[in-house]
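>>> using only what follows, build the 3D model:
(chains A and B)
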Amino acid sequence: MRLVIKRLVFFASLFLVWELAVRLFQVPAVLLPAPTDVFRALGEMVADGTLFRDLGASFMRLLVGLAIALLIGLLLGILLAKSKTADETLGSLILALQSIPSIVWLPLAIMWFGLNEKSVIFIIVLGAAIVMTINVRTGIQNVSPIYVKAAQTMGASGPDLFFRVMLPASVPYFVTGTRLAWAFGWRALMAGELLSTGPGLGYTLKYASDFGRMDMVLGIMIVIGIIGVTVDLLLFQRFEQQVRAKWGLEPSS
Amino acid sequence: MFLKINGVQKSFGKDDRREQVLKDISIDVREGEFVSLLGPSGCGKSTLLSIVAGLNRPDTGILQLDGCDIVKPGKERGMVFQQSALFPWLTVEENVMFPLKGMPKEKAREIAKKYLRLVQLSQYAGHHPHELSGGMQQRVSIARALAMDPAVLLMDEPFGALDEQTRMRLQRVLEEIWMETKKTIIFVTHSIQEAVRLSDRIIVMGTHPGRILKDIEVSLGRPREGQLKEMAAYEESILEMLKTENDKVEEEERSHAVGY
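Numbers count the residues shown, from 1 in each chain, chains lettered A, B, ... in the order given. As a prediction, the model looks like this:
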């Protein structure tokens, strides 16, 4: 409870200082609008429905992209964990691709898929699938040998051993992979929309910027931040901790 | 003979750094017998057990259970490990049902219930392993190994990580289970007290290389609880024997050193 109060006080004073500074120094709205203007702009967007339409469109893309990415990541991760040759060849390529931000693929993606949804989804898939792949691979490779031995003495082997022991034993890694895939996907989505087409949060942000509506730009940025934090902290991290506690990887609270 | 271990040798490591961990191990175990492998760490007793389990292969030697060669792990040899090897994603009951795959669900659940009752954990069937204490987890492990009705139960220092009180309680539970099920048990331990408390026979092992020092019959009645004086006498004689063995080793090492 103390934490909530601390944070409330912090953010309230932050907005207060911001508001006062803008008014005191008469900062032009194109450089930095006051928080009251930002919230007014947000209110307008809620009132005329653009915010929800954008959110809906963005989330649709994100969900499609994430679903494809998780499936690809799971299959590739299993392949890399099971085949040493694949790990040594394809694995090194995937590690190299990881160091390229997925957004830089956009020019090529636009050539391949056109300036539309598909390009953005491609960027999301690329960003999210790689982290998922790496986590799935690590998870399966790090299954505690004692589980495998125990299962073998109980007659499990081959696919039976894989599906009943190796896969469930790596679930905590899959959860971490999914959380990171979401984080990468969310960032890729915003970058992709900013540079390509709408509707969507990123597209509206660029649209607002073209018309010098910095109050809208900041409003959308706040929405992006709130959604990112909410999903990551409240949804994924909590779920991740529960899973890790249940799997005996962390002392349960 | 029911379980036959004949001339087993095992080395680890490569070429010039090769170290022999088991040398000429031959043990015959009768059906229903409770045999302990007793020895200090490094004597290869756990390696021997995992060879019997089929998780490891010996370099040479013959292993047979009821006339069949042991080449890989199998359900006729249940194993309980020192650390809990329960699957955390399954409930206690599902863990015990794990080896019963292929059986109708209802029947498997019935069997799981029976063995959970045997280890006095029926009321924890729906719990997950992380919600249980170390001692309870080991009891579930025993129930899980017994559920597939193995011919032999292999136990690798199953109570080694438990506190003294829990350990003594589980020794009593295990003795009761053994008297009730009449299973053949091979039990690895480094505790002389534990070996005497539980076994019909104690195979005392030594190190460098791992080998059998002595095969001792423990002819005390069951249950053993309360026969403190008699057990103490056995413990004493084993200690005495290990002491002469130690002296011998030290003597050898000394004469070796002089030779250089």
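>>> what are the ranges of the strands in chain B?
Using DSSP state E, the strands of chain B run over residues B:3-12, B:19-29, B:34-38, B:60-65, B:68-69, B:77-80, B:152-156, B:184-189, B:201-206, B:211-217.
>>> dump the last one to PDB, restricted to CA.
Same thing as strand B:211-217. Coordinates of each C-alpha in strand B:211-217 appear next as PDB, following Å, rounded to 0.1, in the frame of the first residue of the first chain:
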ATOM      1  CA  ARG B 211      35.400 -52.600  -4.500                       C
ATOM      2  CA  ILE B 212      33.600 -54.900  -2.100                       C
ATOM      3  CA  LEU B 213      35.300 -55.200   1.300                       C
ATOM      4  CA  LYS B 214      32.800 -57.400   3.100                       C
ATOM      5  CA  ASP B 215      29.400 -59.000   2.800                       C
ATOM      6  CA  ILE B 216      27.700 -58.900   6.200                       C
ATOM      7  CA  GLU B 217      24.400 -60.700   7.200                       C
END
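>>> distance to chain A, mean neighbour count and mean pLDDT added to the strands of chain B, as CSV?
C-beta here means a position set from N, CA and C on the backbone, and glycine is covered the same way. Output for the strands of chain B, formatted as CSV (distance: least, C-beta to the nearest C-beta, whole Å; neighbours: other C-beta atoms under 10 Å in any protein chain shown; pLDDT from 0 to 100):
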stretch, distance to chain A, mean neighbour count, mean pLDDT
strand B:3-12, 15, 18, 83
strand B:19-29, 18, 18, 84
strand B:34-38, 17, 26, 92
strand B:60-65, 13, 16, 84
strand B:68-69, 15, 10, 82
strand B:77-80, 4, 26, 91
strand B:152-156, 8, 23, 92
strand B:184-189, 13, 25, 92
strand B:201-206, 21, 22, 88
strand B:211-217, 24, 16, 83
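>>> which residues touch residue 116?
Picked chain A for this. A:196-197 (C-beta atoms under 8 Å, 6 or more residues apart in numbering or on different chains).
>>> I was thinking of chain B, sorry if that wasn't clear
Counting by C-beta under 8 Å, 6+ apart, B:Leu116 has contacts B:92-93, B:96, B:122, B:124-125, B:140, B:143.
>>> and which of these is nearest chain A?
B:Val96 (10.5 Å; C-beta to the nearest C-beta).
>>> surely that closest one is in contact with B:Arg109?
No. Using C-beta atoms under 8 Å, B:Val96 is not in contact with B:Arg109, being 9.2 Å away.
>>> any idea how far the residue nearest in space to the middle of chain B is from B:Arg201?
Geometric centre of chain B, nearest residue: B:Phe187, 2.3 Å, by C-alpha atoms, centre = their mean. As for B:Phe187, its distance to B:Arg201 is 10 Å (criterion: C-beta to C-beta, to the nearest Å).
>>> which neighbours do these two have in common?
Shared contacts of B:Phe187 and B:Arg201 (C-beta under 8 Å, 6+ apart): B:34-36.
>>> stretch B:61-76 spans what distance, first to last residue?
Stretch B:61-76 has its terminal residues 20 Å apart, counting by C-alpha to C-alpha, to the nearest Å.
>>> wait, A:Gln241 touches A:Glu250, no?
Yes. Using C-beta under 8 Å, A:Gln241 is in contact with A:Glu250, at 6.9 Å.
>>> what does the stretch 1-150 of chain A have sitting close to chain B?
Residues of the stretch 1-150 of chain A that fall close to chain B, judged by C-beta under 8 Å from any C-beta of the partner chain: A:146-147, A:149-150.
>>> those in strands, which ones?
Using DSSP E, none of the residues of the stretch 1-150 of chain A next to chain B sit in strands.
>>> most surrounded residue in the residues you listed?
Compared across the residues of the stretch 1-150 of chain A next to chain B, A:Ala150 has the highest neighbour count, 28 neighbours, by other C-beta atoms under 10 Å in any protein chain shown.
>>> who touches it in this structure?
B:79, B:81, B:85, B:87.
>>> show me what the lengthiest helix in chain A is packed against.
Longest helix of chain A, by residue count under DSSP state H: helix A:50-82. If you count contacts as 3 or more C-beta pairs under 8 Å, 6 or more residues apart in numbering or on different chains; DSSP states H and E, helix A:50-82 packs onto helix A:35-47, helix A:84-98, helix A:117-141, helix A:171-195, helix A:201-210, helix A:214-229.
>>> can you give me the pLDDT of the residue of the stretch 101-250 of chain B found nearest chain A?
Nearest residue of the stretch 101-250 of chain B to chain A, counting by C-beta to the nearest C-beta: B:His130, 4.9 Å away. Looking at B:His130, its pLDDT reads 89.
>>> check contacts around it.
For B:His130, the contact set (C-beta under 8 Å, 6+ apart) comprises A:245-248, A:252, B:88.
>>> correct me, but B:Met97 touches B:Ala112?
Yes. With contacts defined as C-beta under 8 Å, B:Met97 counts as touching B:Ala112 at a distance of 4.8 Å.
>>> mutual contacts of those two, please.
Common contacts of B:Met97 and B:Ala112 (C-beta under 8 Å, 6+ apart): B:Ala147.
>>> quick one: A:Phe184 from chain B, how far?
For A:Phe184, the distance to chain B equals 26 Å [C-beta to the nearest C-beta, to the nearest Å].
>>> how many residues are close by that residue?
Residues lying near A:Phe184 (other C-beta under 10 Å) number 23.
>>> run a quick neighbour tally on the residue lying closest to it once chain neighbours are set aside.
Closest residue to A:Phe184 apart from its sequence neighbours, by C-beta to C-beta, 6 or more residues apart in numbering or on different chains: A:Gly127 at 4.1 Å. Look at A:Gly127: counted by other C-beta under 10 Å, it has 29 neighbours.
>>> again, but for the one 4 residues further on
Number of residues near A:Val131 (other C-beta under 10 Å) recorded here: 23.
>>> same question, the one 10 residues further on
The local packing of A:Gln141 (other C-beta under 10 Å) involves 15 other residues.
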